[in-house]
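**Student:** return a 3D structure for these sequence lines:
(one chain, ligands or ions: 1)
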Amino acid sequence: MSTAKTATQNACKLCNPLGACLVFRGIEKCVPFLHGSQGCATYIRRYLISHYKEPVDIASSNFSEDTAVFGGSQNLKIGLKNVTKQYKPAVIGLATTCLSETIGDDVPMILREYVNEFKNGSPMPIMIHASTPSYQGSHIDGFHAAVRASVQTLAERGIANEHVNIFPNMVSPADMRYLKEIFKEFGLPFVMLPDYSQTLDGGPWGEYHRIPPGGTPVSEIVKTGFAKASIEFGATLENDKGAAGFLEEKLGVPRRKLGLPIGIKESDRFFALLEELSGKSLPEKYEDERRRLVDAYADGHKYVFEKRAIVYGEEDFVVSIAQFLREIGVIPVVCASGGKSGFLKKRIKEAIPDYEEMEIFVRDGIDFMDISDEAARLSPDFLIGSSKGYSISRKLNIPLVRIGFPIHDRFGGQRLHHIGYKGTQELFDRIANTIIEYRQSTSPVGYTYM
Ligand code: SF4
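**Tutor:** Purely as a prediction, here's the structure:
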């Protein structure tokens, strides 16, 4: 029975500037700064810290009732001055919030005024500004807006070099480390933006750092303007939204768009592109990973074949996970996202051409209430997505495979692999084991061998 509803309830997306803060955390010596109220910064900090288990400072221009009426210009300037003094950042990554966007603060103009009013000969941090009104998009839109704003601010024209840009989308720190390792194995110089593989999953500190070490250096972002090519992950990410689109249009850096490389087919496309760009054949190590994965598909087929799953999350993730599920014989009966790029159905159709005949239900702009209704109607074998599906999993007794972001109720979400042969292997093992575990726990006799 569907639930009568007149409003979104528990949206299947997060706040727009959250994605921007994540990107700014992946730029070296950068402080994320929200132009809005403290509550926005607190909410985003809570979400990021709970998943990544690392300290995340986010500054705020501290809107109050007065600021909401008369504008936040003064607050922003004072806040920028304080952050510059206390953190001594190389970069301040400024994202707007619902409130500052609604009252129409002209942030570029305020920043120009700030530079004129406060410059006193001493170097100022670089300001990167991303417009991130949450009523217009989700965390993934904020993520892409911040990556694009970073290259718009810093990329310079130059003679095409040998390096390649990699814009990895919102993957885990573990995925980022794996990507860096792959580029090194191919001997292919690269600039990865963002890179929060250390800042959000680093080691213990002997002394406190106001800004955690790591991240993409400014000097590297400058180089994105004269790379040989940009690789950008994101099936639903269009030219006018991503950083690679900007670099192609304005600076002539060719854009090579791929879906997130999850599953053998999509990973093959990624590795083939690296072979093309590097002029080197696939290193033996990845041949081995692929062989092991094919073997695992064959061994685990009996557990996963014709199982039915509901996949939800960011649109790019949903497309790639759905494609991977079909590859292993699982039917993704519902492919759902709170995002609204307008491309979800089209990309699912390209990934799974017979999706209509298979009666796969694809929906964007969805909330968890609707996903819960679909789960009750379809009784899938498992859910796959962030930990925000836990309440549905508990209510309907459907196992949940936790992937992506956020994962608040398990340990190590930042160290999950999703991409490439290695990430696919982990995902495949987890899915097969989830199904086995459920059969054991619901069996009257239990199984010691399956
Ligand atoms: S008010 Fe808007 S920007 Fe602030 S936390 Fe809520 S959704 Fe995010």
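**Student:** okay, strands next: where are they in this structure?
**Tutor:** Ranges of strands in the chain, per DSSP state E, are 30-35, 59-60, 91-96, 126-130, 164-167, 190-192, 229-233, 255-258, 308-312, 331-336, 361-363, 382-385, 400-402.
**Student:** break this protein down into its domains, please.
**Tutor:** 16-138, 164-278, 299-442 (the TED database).
**Student:** who's Val164 bridged to?
**Tutor:** Note on Val164: beta-bridge partners Phe190, Ala229, judged by DSSP bridges.
**Student:** remind me, longest helix of the chain?
**Tutor:** helix 420-442 (DSSP state H).
**Student:** and the ligand, is the lowest-mean-pLDDT helix or strand in the chain touching that?
**Tutor:** In the chain, no helix or strand scores lower on mean pLDDT, DSSP states H and E than helix 65-70, which sits at a mean of 89. No - contact of helix 65-70 with the ligand (C-beta under 6 Å from any ligand atom) is absent, the minimum separation being 11.6 Å. The way it works is simple: take the backbone N, C-alpha and C, and place the C-beta from them, glycine included.
**Student:** stretch 38-58 now?
**Tutor:** Yes - using C-beta under 6 Å from any ligand atom, stretch 38-58 reaches the ligand at 40, 43.
**Student:** bridged to Thr216, which residues?
**Tutor:** On the basis of DSSP bridges, Thr216 is bridged to Ile27.
**Student:** surely it touches Ile27?
**Tutor:** Yes - assessed by C-beta atoms under 8 Å, Thr216 is found in contact with Ile27 at 5.4 Å.
**Student:** more neighbours, the two?
**Tutor:** Between Thr216 and Ile27, counting by other C-beta atoms under 10 Å, Ile27 is the more crowded of the two (31 against 22).
**Student:** Phe143 versus that one, what's the distance?
**Tutor:** Distance, Ile27 to Phe143, by C-beta to C-beta, to the nearest Å: 13 Å.
**Student:** how about stretch 333-353, does it get close to the ligand?
**Tutor:** No - judged by C-beta under 6 Å from any ligand atom, stretch 333-353 stays clear of the ligand, getting no closer than 12.2 Å.
**Student:** state the mean pLDDT of that stretch.
**Tutor:** For stretch 333-353, mean pLDDT is 96.
**Student:** next one: stretch 279-295
**Tutor:** Stretch 279-295 comes out at a mean pLDDT of 98.
**Student:** one step back: flag every buried residue along the longest helix of the chain.
**Tutor:** Across helix 420-442, burial judged by 16 or more other C-beta atoms under 10 Å covers 420-428, 431-432, 434-435.
**Student:** and what of stretch 131-142?
**Tutor:** In stretch 131-142, counting by 16+ other C-beta under 10 Å, buried: 131-134, 137-142.
**Student:** swap in stretch 403-413?
**Tutor:** 403-407, 413.
**Student:** possible to save these as TSV with distance to Phe190?
**Tutor:** TSV is the format used below for the buried residues of stretch 403-413 (distance: C-beta to C-beta, whole Å):
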residue	distance to Phe190
Ile403	25
Gly404	23
Phe405	23
Pro406	28
Ile407	27
Gly413	25
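**Student:** tell me the two of those residues that are most distant?
**Tutor:** Using C-beta to C-beta, the two most remote members of the buried residues of stretch 403-413 are Ile403 and Pro406, lying 10.9 Å apart.
**Student:** okay, and the common contacts of the two?
**Tutor:** Ser386 (C-beta atoms under 8 Å, 6 or more residues apart in numbering).
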